[in-house]
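Enquirer: Build the 3D model from these lines:
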Amino acid sequence: MRTRSLIILCLAFSLAIAATAACKKAEESAAPAAAPREPRWADLFAPDLSNAEFPAGIWTVADGVLTASEDQAIWTKRDYENFVLDLEFMTAPGTNSGVIVYCSDVANWIPNSVEIQVADDFADEWAKAPATWHCGAIFGHLAPAKSAVKKPGEWNRYTITCAGKRISVVLNGETVTDMDMSLWTSAKANPDGGEMPAWLSRPKAELATKGRIGFQGKHAGAPIYFRNVKIKEMQ
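Expert: So this is what the prediction gives:
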């Protein structure tokens, strides 16, 4: 009798183990596949600017704020394509600067890149300039849909998405610019017939959509400040 009870107990134990294993396998089969990992934000520049290219002594970082003492650009050492660039900038009275993408020639960057304008639109000099020179514009080519820049001394936020020939710009939560570079086939006139600066001598439709990222320095005698510059690369 005791032997029979022992056999029954062992059989019950075995069945319980088998049932537990079956349930676990069923749960694993029912679990959704892991979602693909989202691209991660990374600092565009190292804190010591060791991964940047710029003339010695021009660009400095203090308390996380990047600024320049002269009108010389700072560049990434590598090319980027298909990315989102997120950053903060602060103007001073009279600031005229820019965020530069798709640069294929840092020695002659003005016609060989796309510049997203940074400007103190409250200064008469820039307020009275063509709309394609206002903050948030694709400089010389496409005016911002609205004015969204803050007064000098206040931090602004740019989110710039570069996906092939499409460039969109969000300034302080407002979408201000959306450009399809393929429409800019002339080096003399914009698609709306507006004249462009003569020094922008290459049609944007011809530019590569992969290149260096940079920031213009102390242009027009007024400083510019950047911080929290992050990038997220996309497939």
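Enquirer: beta partners of residue 155?
Expert: residue 90 (DSSP bridges).
Enquirer: Skipping its backbone neighbours, what lies nearest the residue nearest the centre of the chain in space?
Expert: Nearest to the mean C-alpha position of the chain, by Cα atoms, centre = their mean, lies residue 85 at 1.0 Å. Excluding the flanking residues, the one nearest residue 85 by Cβ to Cβ, 6 or more residues apart in numbering is residue 160, at 4.5 Å. Just so you know, the C-beta spots here come from the backbone N, C-alpha and C atoms, and that holds for glycine as well.
Enquirer: Model confidence score at that neighbour, please.
Expert: Note on residue 160: pLDDT of 98.
Enquirer: That one and residue 114, how far apart?
Expert: Applying Cβ to Cβ, to the nearest Å, the value for residue 160 to residue 114 is 10 Å.
Enquirer: So between the two, which is more surrounded?
Expert: residue 114 (26 against 21; other Cβ atoms under 10 Å).
Enquirer: State the distance from the more buried one to residue 208.
Expert: From residue 114 to residue 208 the distance is 10 Å (Cβ to Cβ).
Enquirer: anything in contact with each of these two?
Expert: Common contact partners of residue 114 and residue 208 (Cβ atoms under 8 Å, 6 or more residues apart in numbering): residue 102.
Enquirer: what about the chain, any weak spots by pLDDT?
Expert: 1-38 (pLDDT under 70).
Enquirer: what about the strands in it?
Expert: 42-43, 52-53, 59-62, 65-68, 74-76, 83-91, 96-103, 114-119, 155-163, 166-171, 174-180, 212-215, 224-233 (DSSP state E).
Enquirer: so what sits against both of residue 160 and residue 114?
Expert: 101, 167.
Enquirer: circling back to that earlier point, quick check: which of the strands of the chain is nearest to residue 143?
Expert: The closest of those to residue 143 is strand 174-180. By Cβ to Cβ, the value is 8.0 Å.
Enquirer: Buried residues, the closest one. List them.
Expert: Neighbour-count burial for strand 174-180, with 16 or more other Cβ atoms under 10 Å as criterion, is recorded at 176-177, 179.
Enquirer: domain parsing for the protein?
Expert: Domain segmentation of the chain under automatic domain parsing yields 1-31, 42-233.
Enquirer: Can you add distance to residue 134 and give the buried residues of strand 174-180 back as JSON lines?
Expert: Shown next, in JSON lines, are these (distance: Cβ to Cβ, whole Å):
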{"residue": "176", "distance to residue 134": "9"}
{"residue": "177", "distance to residue 134": "10"}
{"residue": "179", "distance to residue 134": "15"}
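Enquirer: Just give me the closest of the residues you listed to residue 124.
Expert: Nearest to residue 124 among the buried residues of strand 174-180 is residue 176, at 21.3 Å by Cβ to Cβ.
Enquirer: which residues does that closest one contact?
Expert: 136, 144-146, 148, 169-170.
Enquirer: Pull the residues that contact stretch 57-68.
Expert: In contact with stretch 57-68 (Cβ under 8 Å, 6+ apart) are residues 45, 47-49, 52, 69-70, 72, 74, 215, 217-218, 223-229.
Enquirer: Buried members of those residues into PyMOL, please.
Expert: Entered in PyMOL, the line below selects the buried ones among those, by 16+ other Cβ under 10 Å:
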select buried, resi 45+52+74+215+217+218+223+224+225+226+229
